[in-house]
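*Asks:* sequence first, predicted coordinates after that:
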2 protein chains.
Amino acid sequence: MKSYHQYCSVARALDVAGDRWVLLIVRELLALGPSRYTDLRRGLPGIATNLLAERLKAMEAEGLVERHDAPPPVSATLFRLTDRGRELRGVLHALTAWGMEGMTPGPDAQDAVQPHWSALAGALLLRGGPDPGTEVVVGIASEGEMLHVVLRRDADGNAFEIRRGAAPAADVTLTGTSMLVGAVLTGVLSPAEAVGQGLRIDDPGQVLPGLVGAPAEPSA
Amino acid sequence: MKSYHQYCSVARALDVAGDRWVLLIVRELLALGPSRYTDLRRGLPGIATNLLAERLKAMEAEGLVERHDAPPPVSATLFRLTDRGRELRGVLHALTAWGMEGMTPGPDAQDAVQPHWSALAGALLLRGGPDPGTEVVVGIASEGEMLHVVLRRDADGNAFEIRRGAAPAADVTLTGTSMLVGAVLTGVLSPAEAVGQGLRIDDPGQVLPGLVGAPAEPSA
DNA sequence: CCGCATCCGGGGCGATACTG
DNA sequence: CAGTATCGCCCCGGATGCGG
């Protein structure tokens, strides 16, 4: 799209990241890390293939993403966020929080549903988090798909990685609709409420309450 | 624009607020409060008049803005943010922070420059803030225009109001280009550096350092 | 004047088909 | 697997008109 031609921080940001699909491409790369073109298409249902190619080129020119070849034996081109692109996490965080309001009615008939979107929302909005120095793995089985989220304590907040596939060793496993998984991870529903609505929680170590509860801050 | 049809919090947010101009309209209303159609046009150079009308209608339907008649004697329709619209402040904050990176080169030849954009960026990114219970008024004379920012301590962070026109009683006055005003308010430049580059600061009470410096937090 | 509605040209977007 | 090519359509941008 065209520039707004306004010397304003918001307008400049939107000049770069305001085009259609761009922030959703960032969402995919932020959630799943370096991804192949085809994987991006999977996570962006509805995008036209020429648009994805064009956006990736534009984002590369803007310094948001970079392409590099995957190490052998799997020869493939991967797209990953640059540091500058990863700094859009704050924007994604704010959009995620604001958009949660409209999620409670559940998906429309036309809506695509992919669990890693809920996982990302959960990772970004998590009220608590793992204890410093430790790692928590959340397994998710949803929409006939499996993935796992590795949560870690970082210098500024929580770091996370979301991977497709089953977790080698999950501390807690959530089984149910993407809507329920998202609701409990983002704190919209308490674990008990979510279970009441059909979510299955396998949490032998009782780590989930510490993740979705209020952070244990010493102040106040 | 069309919906993404993805059951994802980010996509849902962009379905509502992702259309071109929408977040800039929110910027205007967040910065200057309830505004008339014509005032919005002033703050949104480049927008087509039919688009502004259409967007306002759509945003009203989405519950972001509401229209109401100004009290007599000045008969005019005012547009203002709803609570839901005002909650987009977090998104604007994140976009402002991210977009600051591209501001240092200064405005292009084609760029419109309006000081209240810098004032908003400053109000959102202010590192410090007024002491609790007090109010600070920052006068700004920039681009041949005058405005003032009233800063107040709020429950969660800083509250602010930006008004066009000179301040009745400014605690500190900044005179210079919008770029320099913005840079010092957002912490990109220290007051001393900004003065070195041509900004004039009238600050008899020495309140500016407390505004743009690190907040006086008891921790650490 | 203020708050739009209408008309028109160009281009970005969305879908499909096709290729190295 | 990773795109390019092509083609409508509709949205955006700019100008103008017009009622209150």
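*Replies:* That came through, no problem.

*Asks:* low-confidence ranges in chain A?
*Replies:* A:1, A:72-73, A:214-220 (pLDDT under 70).

*Asks:* and the longest strand along chain A, which residues are buried?
*Replies:* In chain A, assigned by DSSP state E, the strand with the most residues is strand A:145-154. Along strand A:145-154, these residues count as buried under the neighbour rule (16 or more other C-beta atoms under 10 Å in any protein chain shown): A:146-151. (Glycine included, C-beta is placed from N, CA and C.)

*Asks:* is that strand in proximity to chain B?
*Replies:* No. Strand A:145-154 is not in contact with chain B by C-beta under 8 Å from any C-beta of the partner chain; minimum separation 13.7 Å.

*Asks:* so what touches the very next helix or strand once past that strand?
*Replies:* On the C-terminal side of strand A:145-154, the closest following helix or strand by DSSP states H and E is strand A:157-164. Applying C-beta atoms under 8 Å, 6 or more residues apart in numbering or on different chains, the contact partners of strand A:157-164 are A:31-33, A:116, A:119-120, A:123, A:126, A:129-130, A:145-153.

*Asks:* can you list the domain ranges for chain A.
*Replies:* Taking automatic domain parsing as the reference, chain A has its domains at A:9-87, A:109-212.

*Asks:* distance to residue B:3 added to those domains, as a markdown table?
*Replies:* Output for those, formatted as a markdown table (distance: least, C-beta to C-beta, whole Å):
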| stretch | distance to residue B:3 |
| --- | --- |
| domain A:9-87 | 9 |
| domain A:109-212 | 8 |
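
*Asks:* quick one: the residue nearest the centre of chain A from residue A:114, how far?
*Replies:* Centroid check for chain A by C-alpha atoms, centre = their mean gives residue A:120 as the closest residue, at 2.3 Å. Using C-beta to C-beta, to the nearest Å, residue A:120 is found at 10 Å from residue A:114.

*Asks:* next up, the contacts around residue A:58.
*Replies:* Neighbouring residues of residue A:58 by C-beta under 8 Å, 6+ apart: A:19, A:22.

*Asks:* tell me the SS of it?
*Replies:* helix (DSSP: H, G, I helix; E, B strand; the rest coil).

*Asks:* separation between it and chain B?
*Replies:* 15 Å (C-beta to the nearest C-beta, to the nearest Å).

*Asks:* what does residue A:25 give?
*Replies:* Residue A:25 sits 11 Å away from chain B, taking C-beta to the nearest C-beta as the criterion.

*Asks:* quick one on the thing from earlier: residue B:96 is nearest to which of the domains of chain A?
*Replies:* Minimum separation from residue B:96 across the domains of chain A (C-beta to C-beta) falls at domain A:9-87, 4.6 Å.

*Asks:* contacts only, for residue A:43.
*Replies:* Listed by C-beta under 8 Å, 6+ apart, the contact set of residue A:43 reads A:28, A:31-32, A:35, A:114, A:116.

*Asks:* need the strands for chain A, in chain order.
*Replies:* A:35-36, A:65-69, A:77-81, A:135-142, A:145-154, A:157-164, A:172-175, A:200-202.

*Asks:* to residue A:96, which of those lies closest?
*Replies:* Proximity to residue A:96 (C-beta to C-beta) singles out strand A:157-164 among the strands of chain A, at 12.9 Å.

*Asks:* could you tell me the angle between the closest one and strand A:135-142?
*Replies:* Interaxial angle, strand A:157-164 versus strand A:135-142 (axes from the mean of the first three to the mean of the last three C-alpha atoms, to 10 degrees): 40 degrees.

*Asks:* note down every partner strand of strand A:157-164 and its orientation.
*Replies:* strand A:145-154 (antiparallel) (DSSP bridges).

*Asks:* from residue B:11, how far out is the residue of chain A at minimum distance from DNA strand C?
*Replies:* In chain A, the residue that lies nearest DNA strand C is residue A:48 (3.5 Å; C-beta to the nearest atom of the strand). Using C-beta to C-beta, residue A:48 is found at 16 Å from residue B:11.

*Asks:* near DNA strand C, which residues of chain A show up?
*Replies:* Contacts of chain A with DNA strand C, taken as C-beta under 7 Å from any atom of the strand, map to A:1-2, A:19-21, A:46-51, A:54.

*Asks:* and DNA strand D, which of those reach it?
*Replies:* A:1-2, A:48-50, A:54.

*Asks:* name the member of those with the most neighbours.
*Replies:* Among these, the one with the most neighbours (other C-beta atoms under 10 Å in any protein chain shown) is residue A:54, at 13 neighbours.

*Asks:* quick one: contacts for the spatially closest residue to residue A:13 that is not a sequence neighbour?
*Replies:* Nearest residue to residue A:13, sequence neighbours excluded (C-beta to C-beta, 6 or more residues apart in numbering or on different chains): residue B:99, at 3.2 Å. The contact partners of residue B:99, taken as C-beta under 8 Å, 6+ apart, are A:8-14, A:16.

*Asks:* for the buried residues of strand A:145-154, which one is nearest chain B?
*Replies:* Chain B has its nearest neighbour among those in residue A:147, at 14.5 Å by C-beta to the nearest C-beta.
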